[in-house]
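Asks: Just a sequence and a predicted model for now, questions to come.
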Amino acid sequence: MKTRKIPQRKCVACQEMMPKKELIRIVRSPEGDIQIDLTGKRSGRGAYLCGKTSCFKLAKKSKAFERALKVPVSSDIYDRLEADFIKVEDEFHANKELETNDDDE
Ligand SMILES: [Zn+2]
């Protein structure tokens with residue numbers, strides 16, 4: 001059997017390398033819109049964050065998205081993303097459980 005390398009990405013907040021599907025993608029569209037991209041397929045510059053609210057808060061505090069997306073991100077945007085992040089967090093983890101069955105807690 002051929003072993004395929006799992007693509008790894010770095011969480012912009014805690015700097016941990018993780019398999020891509022363990023991370024939530026934040027994307028800046030060509031129009032300059034910043035939003036959460038659960039599909040991972042939207043075009044634009046992306047930043048990855050592990051699916052933890054604590055990491056979102058860390059990213060907000062350290063302005064990690066500005067550095068990763070190379071645009072100014074206002075606190076309004078952070079607030080909006082945070083609300084969305086909390087909303088998608090459950091969905092994100094639910095989807096993940098469908099694919100993998102290991103309990104790594
Ligand atoms: Zn993280």
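Replies: It's in. If you're wondering where the values come from, they're calculated on a predicted model, not measured in any experiment.

Asks: Off-centre distance for whichever strand or helix holds residue 66?
Replies: Assigned by DSSP states H and E, residue 66 falls within helix 64-69. Computed by C-alpha atoms, centre = their mean, to the nearest Å, the chain-centroid distance of helix 64-69 equals 12 Å.

Asks: List the buried residues for the lengthiest helix in the chain?
Replies: The residue-count maximum for a helix in the chain (DSSP state H) belongs to helix 75-99. Of all the residues in helix 75-99, those buried under the rule 16 or more other C-beta atoms under 10 Å are 77, 78, 81, 82, 84, 85, 88, 89, 92. Using the backbone N, CA and C atoms, a C-beta is placed for each residue, glycine as well.

Asks: got these as TSV, with distance to residue 53 and pLDDT columns?
Replies: TSV is the format used below for the buried residues of helix 75-99 (distance: C-beta to C-beta, whole Å; pLDDT from 0 to 100):
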residue	distance to residue 53	pLDDT
77	17	95
78	13	95
81	12	95
82	8	94
84	12	93
85	7	92
88	11	89
89	7	86
92	11	84
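
Asks: Next, give me the two most distant ones among the residues you listed.
Replies: Farthest-apart pair in those is 77 and 92; separation 19.7 Å (C-beta to C-beta).

Asks: Which elements pack onto the helix or strand bottoming out on mean pLDDT in the chain?
Replies: Least confident helix or strand, the chain: helix 75-99 with a mean of 87, by mean pLDDT, DSSP states H and E. For helix 75-99, the packing partners by 3 or more C-beta pairs under 8 Å, 6 or more residues apart in numbering; DSSP states H and E come out as strand 23-28, strand 34-37, helix 53-62.

Asks: Relative to the ion, which of these is closest?
Replies: helix 53-62 (3.4 Å; C-beta to the ion).

Asks: so where is the chain shaky, pLDDT-wise?
Replies: 1, 99-105 (pLDDT under 70).

Asks: Show me which residues of it sit near the ion.
Replies: By C-beta under 5 Å from the ion, the part of the chain that sits against the ion consists of 11, 13, 14, 50, 55.
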